[in-house]
Every structure is written in structure tokens, then in C-alpha cells.
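Asks: heads up, no residue letters with this:
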């Protein structure tokens, strides 16, 4: 078994998987805390392993991807302290098998790269990948399996929080699907606008991407808010909550003795 860790701006996704079979043992989330020490992160990871009766000695290694530079080093050191082994970090020099067609390939976020690796392996190409977290990112892989680029959209939580902060009479509201599209009160109207507005944005972007590519693609979505928003979209979109764990497991295989 291996430990897989993806550090996002809001959450850290920690999982355990078996290389080769790619069976996922578990997936859990921690709040991303920029002030935690390496020992505190090691303790948090150990507590999660304990929940599943897994000893650090049972793990042959680990792999880390991070989009939050201040957290990268503390959590990497913490995981290496816990496992007593070097942690593979997704970054320059790692074998991915993905053909990246960006102006600056090194600028591609680790999470987007990991998602692309899993997306191509599990769903083929052409493919649109949607990751809904602090930001909503849309990545496009064309019919030649090339990562072409994409879009970054303010995430649904960020948008709602900004609206409540900038508009004096608007409250903070829970992110959930309202009972009807046309809101009969302020809270319902804000929830409808945020959920269905975000879903409509995704639907519209998919149509524009298809127009630019000249052909249709498969569509896969992941991320903390995907389960809320994607069912409200009109396009057929596959939800895959474990996409990043799958991608990290594949990258571990590519960069170790596992094939």
C-alpha cells in the first residue's frame, strides 16, 4: 500500500491505495492549515491511518502533490517522518506520460497534472476535466491526448463569500441546492444564483470548448463541490471523487519499480 496526499487551498485529501491493482483503501480530508508544523501533519496523518488500522510500516511509500507552497515542505517532512521513507513529490522531473501543450509547461498546477494523468488512464481522450474546489478549473485534453490548457473560474464558495462581504444587505448562506430555481426570498435567490449559475457556467463552457475543438468529448468532474453542482448541469458529466488518488497512484507506479 502507498499513501497519497493532495494539498489544496481548502482541503488536504489523504488516501491509501494499492499500486498495481490500484484499489483505493480509503480517502479522507483534512483542513489545509498553513500554520501547522511537520510534526502536527505527521500526527494528523497517523490518526487517519489508525482509523483504518493501518500501520506506517504497512506502507511502502508515499506521493504528494501540492498547490499550496507554504504547506508543501511541512507536510512532506511530516509524512517522511511518519513513514521513514522518502516521499515522491509531483513536480519538474517526475515521469507523467502527459504531453503538455502550454506556453510554459512548468506552470501547470500539480493537481491539474495529477487529474490529467488519471483522466487519460481511466476515461481516455478527448476529455474535459472539471475540478471544483476553492477555484473551479476546467482542463482540456484533445483527441491526441495532449493537455491543451483550460480555464480557472472563481469557486462557488469564494463567489458566495465575496458577494456577502461586498453587499451589505446580503447574508452568508449555506451552499446547497434550493427547493426551486426562482428564489422566493434572499437566501433562496442567492443559493439558486450560485448553484444554478455555476452549473450554467459549466454547461456553457463545455459548449464553447466543443465549438473550438470541433468535436465533443467525455466530461469528468471531481472536487469538493462537484457533488452539489454537477447534478444541476444539463450535460452528461461523470462524477469521480477519487480522481486525484487514482492519478497519484498511477504516478507512483510510473516513478518506482511498479509497472
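Replies: Structure received. These figures come from a predicted structure and were not determined experimentally. Residues are numbered from 1 along each chain as shown.

Asks: where do the strands sit along the stretch 1-150 of the chain?
Replies: 2-7, 11-18, 23-31, 61-66, 87-89, 99-100, 127-132, 135-141, 146-154 (DSSP state E, counting those that start in this stretch).

Asks: In a markdown table: these, plus mean pLDDT, mean neighbour count and distance to residue 186.
Replies: Where C-beta positions appear, they are placed from N, C-alpha and C, glycine not excepted. Formatted as a markdown table, the strands of the stretch 1-150 of the chain follow (pLDDT from 0 to 100; neighbours: other Cβ atoms under 10 Å; distance: least, Cβ to Cβ, whole Å):
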| stretch | mean pLDDT | mean neighbour count | distance to residue 186 |
| --- | --- | --- | --- |
| strand 2-7 | 96 | 26 | 36 |
| strand 11-18 | 94 | 21 | 29 |
| strand 23-31 | 93 | 15 | 29 |
| strand 61-66 | 96 | 24 | 38 |
| strand 87-89 | 94 | 19 | 45 |
| strand 99-100 | 90 | 16 | 44 |
| strand 127-132 | 97 | 25 | 24 |
| strand 135-141 | 96 | 23 | 24 |
| strand 146-154 | 95 | 17 | 21 |
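
Asks: Would you convert these into JSON lines that also reports distance to residue 81?
Replies: Putting the strands of the stretch 1-150 of the chain into JSON lines (distance: least, Cβ to Cβ, whole Å) gives the following:
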{"stretch": "strand 2-7", "distance to residue 81": "13"}
{"stretch": "strand 11-18", "distance to residue 81": "15"}
{"stretch": "strand 23-31", "distance to residue 81": "16"}
{"stretch": "strand 61-66", "distance to residue 81": "11"}
{"stretch": "strand 87-89", "distance to residue 81": "10"}
{"stretch": "strand 99-100", "distance to residue 81": "33"}
{"stretch": "strand 127-132", "distance to residue 81": "29"}
{"stretch": "strand 135-141", "distance to residue 81": "31"}
{"stretch": "strand 146-154", "distance to residue 81": "34"}
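
Asks: Which residue of this protein lies farthest from its centroid?
Replies: residue 184 (33.9 Å; Cα atoms, centre = their mean).

Asks: Surely that residue forms part of a helix?
Replies: No. Using DSSP: H, G, I helix; E, B strand; the rest coil, the secondary structure at residue 184 is coil, not a helix.

Asks: partner residues bridging the nearest residue to residue 221 once chain neighbours are set aside?
Replies: Of all residues not flanking residue 221 in the chain, residue 130 sits nearest, at 4.1 Å (Cβ to Cβ, 6 or more residues apart in numbering). Judged by DSSP bridges, the bridge partners of residue 130 are residue 138, residue 221.
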